[in-house]
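Trainee: Provided below are the primary sequence and the corresponding predicted coordinates.
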Number of protein chains: 2
Amino acid sequence: MADHARRAPLSRERVLREALQAADDDGLEALSMRALADRLGVVPMALYKHVRGKDELLDAMVDAVVAEIGPPPAAGPWPERARALILQARAVMLAHPWAWRALETRTLPSPAVLDHMERMIRVLRDGGVSVDLTHHMMHTLGSRLWGFSQEVFASPSPPAAGPDPETLALMAERWPGVLESAASARHDDGTTVGPGCDDAAEFAFAVDLLLDGAERLHRAGWTAGTSPP
Amino acid sequence: MADHARRAPLSRERVLREALQAADDDGLEALSMRALADRLGVVPMALYKHVRGKDELLDAMVDAVVAEIGPPPAAGPWPERARALILQARAVMLAHPWAWRALETRTLPSPAVLDHMERMIRVLRDGGVSVDLTHHMMHTLGSRLWGFSQEVFASPSPPAAGPDPETLALMAERWPGVLESAASARHDDGTTVGPGCDDAAEFAFAVDLLLDGAERLHRAGWTAGTSPP
DNA sequence: CGTCGAGGTGTACGCCGTACACCATGCCGA
DNA sequence: TCGGCATGGTGTACGGCGTACACCTCGACG
């Protein structure tokens, strides 16, 4: 095996890049240290010379993805700047569908994570939003700050094409509201041909609702202790 | 070993109950089929006579927890009924801190899950909220419908007691906004002695903001196609 | 030319979920 | 009464995982 000398030497960079590619290709659950080593034509333990362990690797992967989220627009009303920043985050998360799952499992915020938070906070603060309201809004935005919405169950109706008429009848009896609500997903014109509803629209709706709420509170001179209405 | 005849026979119920207890005791990540079998004084494979596999067991556990969430108050303005239902869900999730993690990993909604959704949808629809707005609100509530808020990073500042003054100075330079925002957590009187901020208050703030937003849209006669403002 | 350290290798351990063959028990119809 | 059979607990084994640890190789450098 003379080729082991010939192949490009490993490096933290190469390991990280290949890990990102592997996750993009095959999903996060298929990413094992062994599989990753295979992709690099190397024995599993070789990776540990460049990475402390799988956990640290995931940290680095998350950091890399979050770093793709750029800064907000330089100017404009703060709600629009915030909205743009969030939608940018969403675009990044859509490009790496595994990323939000990885993000959730991290315990400590990485530098890129703090950068993103800092930017959002700055948008609000520069818009004149109080420290307290900013703080609350960061909590309220929750995962949407990162470009995804934790919905627990993506589609209430059976996911794939044919909603089996038998179970459908059963649902109509016990969960009519769920059925009705799910049906309202496809109501309007063919903007969403897929099985579910328009994720982008739902995401935007939620973000707008949240930012509008914040703006209203801000304009009303909300301070801690007041309740939202 | 005559005691194996003497001990209470296994059953799906016993397996499920012990699994719930084990998760409450030791956390979800410590719950393995082997550990669970040990708790029941039985060999691992014995469980498989009562449960199809770990995945189905987790489904059942989630179902059991979600079933603890009761119905909403019978009467009252719909936003208050909705609020009460959500806070009930939150109480259940607080009693089983592992549950939200398990909930997230499930792919198909169980009956109890659909029941809870149905109840929430009914609260809105009975309040006169349109099908479309109801649908949007279910999405917008997201994980909060289930009593938790996906925040990705619970505390922006170092979690435990002493925020190491060195890193703190470093943060002050690079992430002043994050620091300022984190500091605002402890601002008011000693209602929150812990390291972080008042989770309950943050949760309530977010829920109120969301429900107020919905109520305002509803009263304004919102229909699909209109944007929130 | 000898040494040394960085980096790739091989083996091994302890976990995990679970397939499969086996065996104990108690019930039930003949 | 007895044979067969279903129910449910057992034992062994497999393939996967992350990773500790000892080893080897090889280029750089004093």
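Mentor: Nice, I can see it.
Trainee: which bits of chain A sit near DNA strand D?
Mentor: A:5, A:31-35, A:44-45, A:48, A:53-55 (Cβ under 7 Å from any atom of the strand). In short, each C-beta sits where N, CA and C put it, glycine included.
Trainee: now do 6 Å
Mentor: A:5, A:32-35, A:44-45, A:53-55 (Cβ under 6 Å from any atom of the strand).
Trainee: quick one: which of those is nearest chain B?
Mentor: The shortest approach to chain B among the residues of chain A next to DNA strand D belongs to residue A:55, at 13.0 Å (Cβ to the nearest Cβ).
Trainee: give me the three-state assignment for the closest one.
Mentor: On the three-state scheme (DSSP: H, G, I helix; E, B strand; the rest coil), residue A:55 is labelled helix.
Trainee: how much space between it and residue B:152?
Mentor: Separation of residue A:55 from residue B:152 (Cβ to Cβ, to the nearest Å): 17 Å.
Trainee: repeat for residue A:12
Mentor: In terms of Cβ to Cβ, residue A:12 sits 25 Å off from residue B:152.
Trainee: tell me which of those two has more neighbours.
Mentor: Legend: neighbour count by other Cβ atoms under 10 Å in any protein chain shown for residue A:12 and residue B:152, higher for residue B:152 (20 against 13).
Trainee: among the residues of chain A next to DNA strand D, who's most crowded?
Mentor: When neighbours are counted by other Cβ under 10 Å, residue A:33 leads the residues of chain A next to DNA strand D with 17 neighbours.
Trainee: quick one, what contacts the nearest residue to it once chain neighbours are set aside?
Mentor: In this structure, residue A:33 finds its nearest non-sequential neighbour in residue A:44, 5.3 Å apart by Cβ to Cβ, 6 or more residues apart in numbering or on different chains. By Cβ atoms under 8 Å, 6 or more residues apart in numbering or on different chains, residue A:44 lies in contact with A:33-34, A:37.
Trainee: so of the residues you listed, which ones are in helices?
Mentor: Judged by DSSP state H, those include A:33-34, A:37 as members of helices.
Trainee: dump the residues of chain A next to DNA strand D to a markdown table, plus distance to DNA strand C and pLDDT.
Mentor: Shown next, in a markdown table, are the residues of chain A next to DNA strand D (distance: Cβ to the nearest atom of the strand, whole Å; pLDDT from 0 to 100):
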| residue | distance to DNA strand C | pLDDT |
| --- | --- | --- |
| A:5 | 9 | 41 |
| A:32 | 11 | 98 |
| A:33 | 10 | 98 |
| A:34 | 9 | 98 |
| A:35 | 14 | 98 |
| A:44 | 7 | 98 |
| A:45 | 3 | 98 |
| A:53 | 13 | 98 |
| A:54 | 12 | 98 |
| A:55 | 15 | 98 |
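Trainee: show residues contacting stretch A:46-65.
Mentor: The contact list for stretch A:46-65 (Cβ under 8 Å, 6+ apart) reads A:10-12, A:15-16, A:19-20, A:23, A:33, A:36-37, A:40, A:92-93, A:96, A:99, A:102-103, A:105-106, A:108, A:110-113.
Trainee: helix, strand, or coil at residue A:42?
Mentor: coil.
Trainee: for it, give me phi and psi.
Mentor: Per-residue torsions, residue A:42: phi -140, psi 160 (degrees, to the nearest 10).
Trainee: would you map the helices across chain A?
Mentor: Counting by DSSP H, the helices of chain A are A:3-6, A:12-26, A:33-39, A:54-67, A:78-95, A:99-105, A:111-126, A:131-141, A:165-174, A:176-183, A:199-219.
Trainee: mind putting those in CSV, distance to residue B:77 included?
Mentor: Below are the helices of chain A laid out as CSV (distance: least, Cβ to Cβ, whole Å):
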stretch, distance to residue B:77
helix A:3-6, 72
helix A:12-26, 47
helix A:33-39, 54
helix A:54-67, 41
helix A:78-95, 28
helix A:99-105, 35
helix A:111-126, 31
helix A:131-141, 22
helix A:165-174, 27
helix A:176-183, 19
helix A:199-219, 19
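Trainee: out of these, deepest packed?
Mentor: Stretch with highest mean neighbour count among those: helix A:131-141 (a mean of 22; mean count of other Cβ atoms under 10 Å in any protein chain shown).
Trainee: contacts for it next, please.
Mentor: Counting by Cβ under 8 Å, 6+ apart, A:86, A:117, A:120-121, A:124-125, A:129, A:145, A:210, A:214, A:217-218, A:222-224, B:149, B:151, B:156, B:180-182, B:184-185, B:187, B:197, B:202, B:205-206, B:209 sit against helix A:131-141.
Trainee: pLDDT wise, what is the nearest residue to residue A:67 once chain neighbours are set aside at?
Mentor: Closest residue in space to residue A:67, ignoring its immediate chain neighbours: residue A:112 at 4.1 Å, by Cβ to Cβ, 6+ apart. Predicted confidence (pLDDT) for residue A:112: 97.
Trainee: what distance do you get for residue A:112 to residue A:24?
Mentor: On the measure of Cβ to Cβ, residue A:112 and residue A:24 end up 18 Å apart.
Trainee: domains of chain A: list them as residue ranges, please.
Mentor: Chain A breaks down by automatic domain parsing into domains covering A:3-51, A:65-152+A:197-219.
Trainee: residue A:24: what's it in contact with?
Mentor: Counting by Cβ under 8 Å, 6+ apart, the residues that residue A:24 touches are A:96, A:98.
Trainee: hmm, try it at 10 Å
Mentor: Taking Cβ atoms under 10 Å, 6 or more residues apart in numbering or on different chains, we find residue A:24 in contact with A:65, A:95-99.
Trainee: and those, which is closest to residue B:71?
Mentor: residue A:97 (36.1 Å; Cβ to Cβ).
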